[in-house]
Structure formats: structure tokens, C-alpha cells
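>>> Next come a sequence and a model predicted from it.
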Amino acid sequence: MWEKPNIPLGLLTLSGGLAGVILLIAWRSAVGAPNLLLILLPPIIVFGGGLAGILLLRNSLQQSVTRLNQELNEERRLRLEVQSQCEETIAKRIFELQVANGALNREIAERIQAEGEVRELQKQLQLILDSAGEGILGLDNKGRVVFINRAAALMLGWEPEELIGNTHHQLIHHHHADGTPHPEEECPIYMAYRDGLVHFRTGDVFWCKNGTSFPVEYVSTPIRDRGMLTGAVVVFRDMNTFL
């Protein structure tokens, strides 16, 4: 902001006569209106003449220029300081985002690799199961089928996806050979994932999708995970093929 220059009154008197008086009036009335003083000074100095007026003009202009330069330098310093702070904050944030993005990419890559390894293990397990001549069923602790090999699917006449997720007892072990209902609580397969013991049975029957049955011999072995019963594996064979 423009400030009224500090002009010694002696210089105003020295500038001489009417010109000095006019200069004094202009100087006092120029508060908040620097352009007025700048407009009035040259003709006053010319009118008043003499070295004092020239010195007065030069002194006033030098003070104004000095103040303007100081204000500009301070404004420039503040602007550069704010710009530097902003750039530092932005650079820090970009670095943090790059670190987080790198960690996320590593986690995604590790997960993709782990999922690939799991799929490969599942494939190998299924190949092993399908190579077995006996039927194999994997059950959870609710009696639902979680996996089945090819031999079991062929003997029972079900597609694997038709059995997986469904309760084995309701589909293949619901009646005795004489047609009387077979309560689930009396089923040795059911008991394996309840009492944690291995149950073997011969002379029992499994029922096929088409409503027929065949005599079976099977063993139901409980599955434990960290000491908890999580299901059972049932291995069976069609006794008609062994007669």
C-alpha cells in the first residue's frame, strides 16, 4: 500500500514561494491518492524552479521505488515459500501413494500366485481321486458332499455337480435294502463326523439316481482340522463287482 512520503518541511520552504505552498497543499491532500501527488509534482517543481525542488522530487521517488521493491520482494518470498511447501507436500503424498501402490501390487501378485497354486493342487488331487477304482466321497460336518471322484459318480449314476453341496444321506443312503427308511442318526457315515471314530460297514446298500440300489462295503473316516471334526471321507465299492 502507498504511504505518504516523509518530506521535510524545510525542503518545501526551500522550494520557494508559491510553488512551495502549492507543493505543501498537494503533499497533505495526497493521502490515499498517490497519483495526485505524482501528477502535481512535476509542474510544481518546474514552476518553483531551483535545485531544492529537483532534490525533493528525486528523494520522494527513490523512497517510493524502495518501498515498492521491498513489498515486491516480500511478496515474492512469501509466494516462493508457499510454492515450496506445496511442492514438498505433493511430493511426499506421491511417494506415499507409490509405496502403497507397490505393496498392493505385490499383494495382488502373491494372491494370484497362491490361487494358481491352489488350483494346481486341486487338479492334482482330482486326478488322484479319479484314478482310484473305489468310489470316494468327501463330506463336510453337515453331511454335504464337497467332492466326489469319477468312480463314485459312475456307480451312483449322478453327475458330480448334482451331488456336490447336497446331503449324501438324502440322495444315496435314505433307505435300507428292504425299503424301510434309514434314519440319518443310525447311519455309520453320519456317525463318523459326529463321534470322530472310523466306521466300517458291509452288507449295506447305496441308491442310484434311477431309483435302483446296489450292495456296498464302505469305510467312513473322520476329518480333523486343528482338533475339530470338519467332515468325513467315505470310500466304498460295489460288491456286485467282487462276487
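Good, I have the coordinates.

>>> Check what contacts stretch 236-243 and list those residues.
Under the contact criterion Cβ atoms under 8 Å, 6 or more residues apart in numbering, stretch 236-243 has outside partners 133-135, 137, 152, 155, 202, 206, 214-219. Just so you know, the C-beta spots here come from the backbone N, C-alpha and C atoms, and that holds for glycine as well.

>>> The lengthiest strand in the chain: which residues count as buried?
The longest strand of the chain (DSSP state E) is strand 213-225. Neighbour counts over strand 213-225 (16 or more other Cβ atoms under 10 Å) mark 213-220, 222-223 as buried.

>>> rewinding a little: nearest to R67, of the contacts of stretch 236-243?
Ranked by distance to R67 (Cβ to Cβ), the contacts of stretch 236-243 are led by L137 at 94.9 Å.

>>> Against which helices or strands is the helix or strand hosting the closest one packed?
Assigned by DSSP states H and E, L137 belongs to strand 135-140. The elements that strand 135-140 packs onto, with contact taken as 3 or more Cβ pairs under 8 Å, 6 or more residues apart in numbering; DSSP states H and E, are strand 145-148, helix 150-156, helix 188-195, strand 228-238.

>>> chain center to the longest one, what's the gap?
When C-alpha coordinates are averaged (Cα atoms, centre = their mean, to the nearest Å), strand 228-238 and its chain have centres 41 Å apart.

>>> Same question for the first one.
Relative to the mean C-alpha coordinate of its chain, strand 145-148 is positioned 35 Å out (Cα atoms, centre = their mean).

>>> ok, and what's touching that strand?
Identification of contacts with strand 145-148 by Cβ under 8 Å, 6+ apart yields 126, 129, 135-140, 158, 160, 163-168, 231.

>>> Just want the angle from the top helix by length along the chain to strand 135-140.
For the chain, the longest helix by residue count, based on DSSP state H, is helix 51-131. Angle, helix 51-131 to strand 135-140, by axes from the mean of the first three to the mean of the last three Cα atoms, to 10 degrees: 140 degrees.
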